[in-house]
Each structure stands twice: as structure tokens, then as C-alpha cells.
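# Provided below for reference: sequence and predicted model.
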Amino acid sequence: HAYGIVEVEVVGTKNSSVDLIKSVAGILPGSMLNSAAVRDAVIRLDGLALFDDITVLIEEVTGGVKLYIKVKERAKLTALEFKGRDKVSEDDVREAVKLAPGAFVMGFTIFDKRQILLKLYADKGYYLTEISYDATYNDDSSEVAVVYSITENDKIKIRDVHLTGFVNMDSAKLVGSMSN
């Protein structure tokens, strides 16, 4: 069954534009509301990657229904710092994480970026690097400051290779191909 929409109200936004949310949802006063329109609106809003939760509530009012689009925004990154970084350049580290203040992040994104940093260090020979992070949220969890603490440790180097049991193979050639 379809209902006429009298009003659309956005609830829960602090950083995102109400007009953007209404426009992307595509549900406007005067249009008809049905379950497919609500489903499509939620899918389109989720595609923005700005929200942890999207709920659509409907209230019967004189002349039709009032639609509430309730969102819980992802935290906005306010600061990003790398402590203890010395052996890998700041530019390389920032390029690897591809995050900057102003971005909207999820909790697993912060962990995922830690994994990317560990791989960056391993690719440069620092296999023993340890990285922890501290994510500090404001009171309503709408903003987060992240500090990655990096302990680089020593680079892993292979000093010597001993091969045994090779009768028909030149061990110097094999060691040479391994150094590539």
C-alpha cells in the first residue's frame, strides 16, 4: 500500500548536510511512499559510507505520513599522528594509510590501517615492527583522534645461507637467484 508523504525530517546528523541526505534518499514530500522506496533510500544512503546506522520511521499525520530518516554518523577523524616513526618517511606512511583529518572512519578502519602499516614496514625489511594505536573519541563518538605508536626495531638481514644436499645444482646460482 502506498501513502502520500507530507513531510521528511532528518534526525541525528551533525556533520552531514540534511539536504544531501534528503536528496540522496530521493523521498520527497508529495511523493508516494512504499516499502520499495524505503529500501532503495536506505541502500542509496548506505552507499555514501557516512553512516553506521540508518533507520526510517513513519508517523501517520493529517493528509498522509511524516517520514523520519534517522542516521548515526560515522566518527569524523579530527587528528592523525604517527609516533616513533623514523626509518620510513612520513610521506610513505601517510600514503599507505590513505587517511586524513576530515574523513569518516569506522572502528575496523583504524585497525585495518594498522595492518597496512605493518605490511609497509615488512616490505621495507622491518619485520619486527610493532604498532599499536589509540583512538580517542569525543563524548558523543562523533569525532575521533588517532595516534599510531610505532616501534620500528631492527631491520632483518640475511647474513649467510648454507645449502646442503645439492649435488646437481650450483649453490652460488641458487643463492644469487634468492637475492633477487
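Yes, it's here.

# residues in contact with residue 133?
Residues near residue 133 by Cβ atoms under 8 Å, 6 or more residues apart in numbering: 110-111, 114, 146-149. Bear in mind the C-beta positions are built from the backbone N, C-alpha and C, glycine included.

# So which of those belong to strands?
146-149 (DSSP state E).

# So residue 72 sits against residue 12, correct?
Yes - between residue 72 and residue 12 there is a contact at 5.8 Å, judged by Cβ atoms under 8 Å.

# pLDDT weak spots in the chain?
1-2, 166-167, 169, 171, 174-175, 178-180 (pLDDT under 70).

# Longest helix in it, by number of residues?
helix 107-123 (DSSP state H).

# Show me which positions of it end up buried.
109-110, 113-114, 117-118, 120-121 (16 or more other Cβ atoms under 10 Å).

# Toward the C-terminus, what is the element adjacent to that helix?
Counting by DSSP states H and E, the next helix or strand C-terminal to helix 107-123 is strand 130-137.

# ok, that next one: who's next to it in the sheet?
The strands beside strand 130-137 in its sheet (DSSP bridges) come out as strand 143-151 (antiparallel).

# Going by neighbour count, which residues of the strand it pairs with are buried?
In strand 143-151, counting by 16+ other Cβ under 10 Å, buried: 143-146, 148, 150.

# Over to stretch 23-32?
By 16+ other Cβ under 10 Å, the buried positions in stretch 23-32 come out as 24-25, 27.

# Take those and keep only those in helices.
24-25.

# which of the buried residues of stretch 23-32 lies closest to residue 93?
residue 24 (33.6 Å; Cβ to Cβ).

# and the gap between that closest one and residue 38?
14 Å (Cβ to Cβ, to the nearest Å).

# quick one, helices of the protein?
18-25, 35-46, 90-97, 107-123, 171-178.

# ok and the second one relative to helix 18-25, angle-wise?
Right, the one you point to is helix 35-46. Interaxial angle of helix 35-46 relative to helix 18-25 (axes from the mean of the first three to the mean of the last three Cα atoms, to 10 degrees): 130 degrees.

# now do the same end-to-end measure for stretch 88-105.
Stretch 88-105 has an end-to-end distance of 24 Å (criterion: Cα to Cα, to the nearest Å).
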